[in-house]
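**Q** Next come a sequence and a model predicted from it.
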Amino acid sequence: MKPKNTICIWYDSEAEAAARFYASVFPESAVGAVHHAPADNPSTGAGAVLVVEFTLMGIPCVGLNGGPAFPQSEAFSFQIATDTQEETDRYWDAIVGNGGQESQCGWCKDRWGVNWQITPRTLTEAMAAGGDEARRAFAAMMTMRRIDVAAIDAARRG
């Protein structure tokens, strides 16, 4: 049964490649149906991949090959909660190492321009704790690209 709410992500022309990459990196992820354009349209020719249904860590998504009219921005990102440095590194390295780009504070961008926040739970727990613990963890995070779990834990302790 098709879910009532699905995240739709606009790609220039490589929605299927992106979905297959995500499925290879993240657990509980898979590529479903691939729909081809029934006729020529402004973004694709007849027969080209138009829509790709996929699941990303259990969340239903659709990739739409819509052409270059609407590029990705930081206004949308996937936030992936991690439990260890190894898990953080695995996702970060997969995204950045596959033609992606590092940013600040745990953010990176994949080769299709989609933004990701690879966020260790210790950081979100520190923010939820508030007060001095949150301030110290936040200050430590502001100096990082990829989040360093040990450094965040040390900052939390003071």
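**A** Sure thing, it's come through. Numbers count the residues shown, from 1 in each chain.

**Q** Which parts of this protein are strands?
**A** All strands of the chain, identified by DSSP state E, fall at 7-11, 30-36, 49-56, 59-65, 77-82, 101-102, 107-109, 115-120.

**Q** Who are the packing partners of the fifth one?
**A** Right, the one you point to is strand 77-82. Where contact means 3 or more Cβ pairs under 8 Å, 6 or more residues apart in numbering; DSSP states H and E, strand 77-82 is packed against helix 85-97, strand 115-120, helix 121-129. C-beta: built from backbone N, CA, C; applies to glycine.

**Q** So what touches the longest one?
**A** For helix 85-97, contacts defined as Cβ atoms under 8 Å, 6 or more residues apart in numbering pick out 25-26, 80, 82, 102, 108-110, 116, 118, 120, 146-150.

**Q** quick one: buried residues of that helix?
**A** 85, 87, 88, 89, 91, 92, 94, 95, 96 (16 or more other Cβ atoms under 10 Å).

**Q** Check what pLDDT the residue nearest to the third one when sequence neighbours are not counted gets.
**A** Nearest residue to residue 88 in three dimensions, chain neighbours excluded: residue 82, at 4.4 Å (Cβ to Cβ, 6 or more residues apart in numbering). Reading off the confidence values, residue 82 has pLDDT 98.

**Q** list the contacts for residue 82?
**A** Contacts of residue 82 (Cβ under 8 Å, 6+ apart): 88, 91, 118, 119, 120, 121.

**Q** Now do the contacts for residue 109.
**A** Counting by Cβ under 8 Å, 6+ apart, residue 109 has contacts 72, 95, 100, 101, 103, 115, 116.
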